[in-house]
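Peer 1: Provide a 3D model corresponding to the input given below.
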Amino acid sequence: AARAAADCSRHTHCGSCLSSDQDGCFWCYDNGGSCKRVEQSLSPFGACSASGISLDAMTCECRPDVYTSCESCAKASHPSCVWMSANATGSVSYSI
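Peer 2: Numbers count the residues shown, from 1 in each chain. Model (predicted):
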């Protein structure tokens, strides 16, 4: 498990962290951004906020600290971003 976590942590950019050959990694925008390993626990994303993670390289440009409104998020320059209001609910499923 330590080796797998180290494999994720060596990536310094969201895109390389979430490339197809990095199964089990996610990008955490909190505290400046870092690539982390999904944990098999009740808190799979550790201390990262639910709105501060990316699981797919297509969403790397959807930074919650940058795009703070629908108007700034929904642009042709980053079509994979989807705006969700603060009281919206959603679900994410993943497999390890």
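Peer 1: Low-confidence ranges, this structure, go.
Peer 2: Along the chain, segments meeting pLDDT under 70 span 1-6, 20, 22, 64, 86-96.
Peer 1: Can you show me the helices along this structure?
Peer 2: Remark: helices assigned in the chain by DSSP state H are 2-9, 14-17, 70-73.
Peer 1: Name the residues of the second one that are buried.
Peer 2: Think helix 14-17. For helix 14-17, a neighbour-count test (16 or more other Cβ atoms under 10 Å) marks C14, S16, C17 as buried. C-beta coordinates here come from the backbone N, C-alpha and C atoms, glycine included.
Peer 1: and which of those residues is nearest V82?
Peer 2: In terms of Cβ to Cβ, no member of these lies closer to V82 than C14, at 16.5 Å.
Peer 1: Make TSV from the buried residues of helix 14-17 and add distance to G52 to it.
Peer 2: Listed next are the buried residues of helix 14-17 as TSV, based on distance: Cβ to Cβ, whole Å:
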residue	distance to G52
C14	12
S16	18
C17	14
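Peer 1: and A57, how many residues sit next to it?
Peer 2: Each residue near A57 was counted by other Cβ atoms under 10 Å, and the total is 18.
Peer 1: so what's it up against?
Peer 2: C14, G15, L18, S19 (Cβ atoms under 8 Å, 6 or more residues apart in numbering).
Peer 1: and if you look at T68?
Peer 2: Applying Cβ under 8 Å, 6+ apart, no residues contact T68.
Peer 1: center of this structure - which residue?
Peer 2: S54 (1.4 Å; Cα atoms, centre = their mean).
Peer 1: Which stretches in the chain count as strands?
Peer 2: With strands called from DSSP state E, the chain shows them at 25-28, 34-37, 53-54.
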